[in-house]
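Just a sequence and a predicted model for now, questions to come.
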Amino acid sequence: MKFSINGGFLRKTGRLLRMRKDDNETTLTFKADQETQSVSVLFFDGIKKVFISFSAEVVHPGEAMILNKYCPLFACVGDVVTVMRQRSGITLTDGKSAVSIPVIKEYEVVAPPADTHIGSVTVDLSEIKKLFKRVLFASSDEEVHYDYRAIFLECGTDYMRAVACDRRIMAMYSISKGAPYTGNFRLPTSGASIVTEVEGDLATLSFYKNAIGISVGGEIMIDIYLPEYTHSFPDYKEVLRKDWKTFLRGSKEEFMAMLEGPAISNELSIIMGFKGYEKQPSRFVLREPFGCCIEHISNLEWSGEDLKIKVNRMSFKNAVKNAEGQVIVGFNNDKSPLSVSSETGDYVCYIMPYSPAERR
């Protein structure tokens, strides 16, 4: 195997695929095709496969598999890189320096079967990235919650909606773009994360029975294989509501000013109420160790009944950060979830408050 490629593209590919903590379980398979003058890369982490294809000057066809932990070595090469397969491994050289990477095994790079293709649609890549990025913070990052380490993608004739949930927080974002297939998909979180790192203008979104493919500019093709999950994803429609008793409104910048303080603890109390008949401004209290508190008096507009609720500060901060324009926060009581939504209605996040046992 011997081929020459653009070093900048190789470095970008390395950054795209550095998404897994345990790199000893993650592999990259390179396959050079002389007939099409292209190189394919198959990324496999035990859960999903990501297939990336790009043009290259192929001298000798072949394939080789390496561990993903060697991806940082891609940053050591220059603008034009020659990749050669040798007896002990593969060598990357730019004429000035060389990097050797051991080969472990060889496997065939397989794309989703053509007969499982359902349909395709062309969309702005920025919209797809936003669809996943707005909700990724709400997905679980714990190994024991494997069923929640996923993005639920709902496709309709005039919309696509992404939902993420980790049992304490749920985020939902929609775009006004119909899909060629009406139904639901469940993407691994790590696959959705890779999509948010891709650069380009237009993307072709292809739906298969067991995979979702994203093609950008004919150079990058990402196939996210959909694993089987033990449990079904929670029905997000069961928690949707608009009958809030108390509302807090303001711009994202106003909210973030209350949350960007030097707090160590993640315990945030939001207090709204009256003193006699006089309405008091809303207060954000950050609980610190050893009984200390940092209190922010806000100018945010609130209406409805008085209320005091304790939530996770980082969850609330991430929910506000992913909203756009005017932010509306809805409350009922200190036992029900609060909602953080954009005024446009395309984004909403629900956060469970701390239970009495979790409060200090």
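On my side now, so go ahead. None of these values were measured; they are calculated from a predicted model.

Over to residue 156: give its phi and psi.
phi -130, psi -180 (degrees, to the nearest 10).

my guess is residue 323 meets residue 253, correct?
No - with contact defined as Cβ atoms under 8 Å, residue 323 does not count as touching residue 253 (11.2 Å). C-beta here means a position set from N, CA and C on the backbone, and glycine is covered the same way.

Can you list the residue ranges for helices in the stretch 101-250 of the chain?
Secondary structure of the stretch 101-250 of the chain (DSSP state H, counting those that start in this stretch): helices at 125-136, 189-196.

Nearest to residue 328, out of the ones you listed?
helix 125-136 (15.9 Å; Cβ to Cβ).

which ones are touching residue 254?
Counting by Cβ atoms under 8 Å, 6 or more residues apart in numbering, residue 254 touches 298-300.

possible to save those residues as JSON lines with secondary structure and pLDDT?
Below are the contacts of residue 254 laid out as JSON lines (DSSP: H, G, I helix; E, B strand; the rest coil; pLDDT from 0 to 100):
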{"residue": "298", "secondary structure": "coil", "pLDDT": "85"}
{"residue": "299", "secondary structure": "coil", "pLDDT": "85"}
{"residue": "300", "secondary structure": "coil", "pLDDT": "89"}
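
who touches the nearest residue to residue 168 once chain neighbours are set aside in this structure?
Leaving aside its sequence neighbours, residue 168 sits nearest to residue 352 (Cβ to Cβ, 6 or more residues apart in numbering; 4.8 Å). Going by Cβ under 8 Å, 6+ apart, residue 352 touches 168-169, 311, 337.

how about 10 Å then?
The neighbours of residue 352, taking Cβ atoms under 10 Å, 6 or more residues apart in numbering as the test, are 167-170, 311-312, 315, 335-338.

Weed out the non-buried ones from these.
168-170, 311-312, 315, 336-338 (16 or more other Cβ atoms under 10 Å).

Go through those and flag which are in strands.
Members of those lying in strands (criterion: DSSP state E): 169-170, 311-312, 338.

Residue 77 and residue 103, how far apart?
Using Cβ to Cβ, to the nearest Å, residue 77 is found at 18 Å from residue 103.

An error on my part: the question was meant for residue 231.
Using Cβ to Cβ, residue 231 is found at 38 Å from residue 103.

Which one's more surrounded, these two?
Applying other Cβ atoms under 10 Å to residue 231 and residue 103 shows that residue 103 carries more neighbours, namely 19 against 8.

looking at this, residue 9 is in a strand?
No - assessed with DSSP: H, G, I helix; E, B strand; the rest coil, residue 9 is helix; it does not lie in a strand.

Now do the contacts for it.
Taking Cβ under 10 Å, 6+ apart, we find residue 9 in contact with 39, 52, 54-56, 74, 81, 219-220.

Equivalent analysis for residue 50, please.
For residue 50, the contact set (Cβ under 10 Å, 6+ apart) comprises 16-17, 19, 28, 41-44, 188, 190-191, 194-195, 214, 220-225.
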